[in-house]
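Undergrad: here is my input; please provide its structure:
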Amino acid sequence: MKFSVSSSDLLKQLQIAGGAIASNPVLPILEDFLFNIKGNKLSITATDLETTIVTEIEVNADGGGIIAVPAKILMDTLKELPQQPVTFNINEENFGIEITSAYGKYRLAGENGQEYPQIPEAEGVDAIELTTASMSQAISKTLFATSNDELRPAMTGVYVEVDFNHITYVATDAHKLVKYTFKGTSSEVSTNFIIPRKALNLLKNALNNAGDLKLSFNKSNAFFEMGHIKMVCRLIDARYPDYNAVIPTDSPNQLTISRADFQNSLKRIAIYANKTTNQVILNINDGSLTVSAQDLDFSNEATEQLACTYDGEPMTIGFNARFLIEMLNVLESDEIKIELSSPNRAGILKPVDEIEDEDILMLVMPVMLSN
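TA: Below is the predicted model of the structure:
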């Protein structure tokens, strides 16, 4: 089996697929890419048994076949080569691989591709058509709010609710929550599932923001197809918490403020906050917001005053500055609204200027004020 391909084009596809390879795989062969040549198409597969990425590239091939190729040594070699054609010559008896470039030859030991794990097939699936741009937005707006707590597996992924004419993505770690709804879809089904964080990170890197995305799903797996790239991921089998129960229905105090001004102030004030709690205090009155923080251990403190519009009772409330900064990063509106009810109840952040077909709500729990 022999084929030639551009070194840089091949490396680009390997980098997309390679994200699926685990740092300590459970089987040695999972350190490899599976190369499968049919006609003049090379399909490249990488998996950690939870997430699989398959991508395709055109090559000049002499014969077909499959081989498992060690991922690290191949990628390291291609990274050090300037763009040029490279030729792969594969011995199908001992799985030896010889790569020829303009500079010389490189030999490495492959493995029998027949021993590579089978990839789940899309059987008994429902499907929904999306755009890569809308999926990219959904991932950007929710992924930061997922939990790292492996004891609560449901919260380590993004909860997806598919309804007939819209799709809602929810992420929470019990301190912050994001609910993002995209209305420009149509589906034959109404269902829900949880996609793991790693899979969404890999998907975001593979999306090109300029095409269609087909999302299929059954009880066990989600299947993503966009152009020449396919991804399969095992869904998280856990019950997602009732997120609607924690979203306050009545928040009579409403603060409107410039997003950039508020975010920049928080970044400066957070430097002076306690490094464990990251607590900043918001003191809100009619027309003015005072942002302050102190770290008693080091006698550090800072205060800034910002102009705002406020409709409600004067209030003093504490929040984790890091959470607020992350949320303001994701909200795209020039001005944002913060809805509050009391110092011990969650605050709601929303954009003032909403984007058509999108609805976003962010919730952040307060950090209790010490007496």
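
Undergrad: quickly list what the residue nearest to residue 228 when sequence neighbours are not counted is bridged to.
TA: Closest residue in space to residue 228, ignoring its immediate chain neighbours: residue 56 at 4.2 Å, by CB to CB, 6 or more residues apart in numbering. Where you see a C-beta, it was placed from the backbone N, CA and C, and this is true even at glycine. For residue 56, the beta-bridge partners are residue 43 (DSSP bridges).

Undergrad: tell me how many other residues crowd residue 56.
TA: 16 (other CB atoms under 10 Å).

Undergrad: next one, pLDDT for it please.
TA: On pLDDT, residue 56 comes in at 95.

Undergrad: quick check: mean pLDDT across stretch 28-45?
TA: 96.

Undergrad: start the count at 23 instead of 1 going forward.
TA: Yes, from this point I'll number from 23; that puts the last item at stretch 50-67.

Undergrad: and that stretch, how far from the chain's centre?
TA: The chain centroid and the centroid of stretch 50-67 are separated by 25 Å under CA atoms, centre = their mean, to the nearest Å.

Undergrad: now stretch 168-178
TA: Distance, centroid of stretch 168-178 to centroid of chain: 14 Å (CA atoms, centre = their mean).

Undergrad: measure that stretch end to end?
TA: From its first residue to its last, stretch 168-178 covers 5 Å (CA to CA, to the nearest Å).

Undergrad: buried residues in that stretch?
TA: 168-169, 177-178 (16 or more other CB atoms under 10 Å).

Undergrad: same deal with stretch 248-265?
TA: Those would be 248, 251-258, 262-263, 265, for stretch 248-265 by 16+ other CB under 10 Å.

Undergrad: and the residues you listed as TSV, adding secondary structure and pLDDT?
TA: As requested, those are arranged in TSV below (DSSP: H, G, I helix; E, B strand; the rest coil; pLDDT from 0 to 100):
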residue	secondary structure	pLDDT
248	strand	92
251	strand	94
252	strand	95
253	strand	96
254	strand	97
255	strand	97
256	strand	97
257	coil	97
258	coil	97
262	coil	96
263	coil	94
265	helix	94
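
Undergrad: and residue 348, which helix or strand is it part of?
TA: In the assignment (DSSP states H and E), residue 348 maps to helix 343-352.

Undergrad: helices of the protein, residue ranges please.
TA: Counting by DSSP state H, one finds helices in the chain at the ranges 29-40, 93-101, 154-164, 219-228, 281-292, 343-352.

Undergrad: and of the ones you listed, who's closest to residue 146?
TA: The minimum distance between residue 146 and those falls on helix 219-228, with 19.9 Å, by CB to CB.

Undergrad: now the angle from that closest one to strand 251-256?
TA: Using axes from the mean of the first three to the mean of the last three CA atoms, to 10 degrees, one finds that helix 219-228 and strand 251-256 are set 170 degrees apart in direction.

Undergrad: rewinding a little: got the buried residues for the helix holding residue 348?
TA: Buried, per 16+ other CB under 10 Å, within helix 343-352: 343-350, 352.

Undergrad: reformat the residues you listed as JSON lines; add pLDDT.
TA: Converted to JSON lines, the buried residues of helix 343-352 look like this (pLDDT from 0 to 100):
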{"residue": "343", "pLDDT": "97"}
{"residue": "344", "pLDDT": "96"}
{"residue": "345", "pLDDT": "97"}
{"residue": "346", "pLDDT": "97"}
{"residue": "347", "pLDDT": "97"}
{"residue": "348", "pLDDT": "96"}
{"residue": "349", "pLDDT": "97"}
{"residue": "350", "pLDDT": "97"}
{"residue": "352", "pLDDT": "94"}
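
Undergrad: closest to residue 140 among those?
TA: Nearest to residue 140 among the buried residues of helix 343-352: residue 352, at 38.1 Å, using CB to CB.

Undergrad: with adjacent residues omitted, what lies nearest to that closest one?
TA: residue 163 (5.0 Å).

Undergrad: what pLDDT does that neighbour get?
TA: Taking residue 163 on its own, its pLDDT is 95.

Undergrad: same thing with residue 392?
TA: 60.

Undergrad: could you chop this structure up by domain?
TA: 24-137, 148-266, 270-386 (automatic domain parsing).

Undergrad: kind regards, and thank you for your time.
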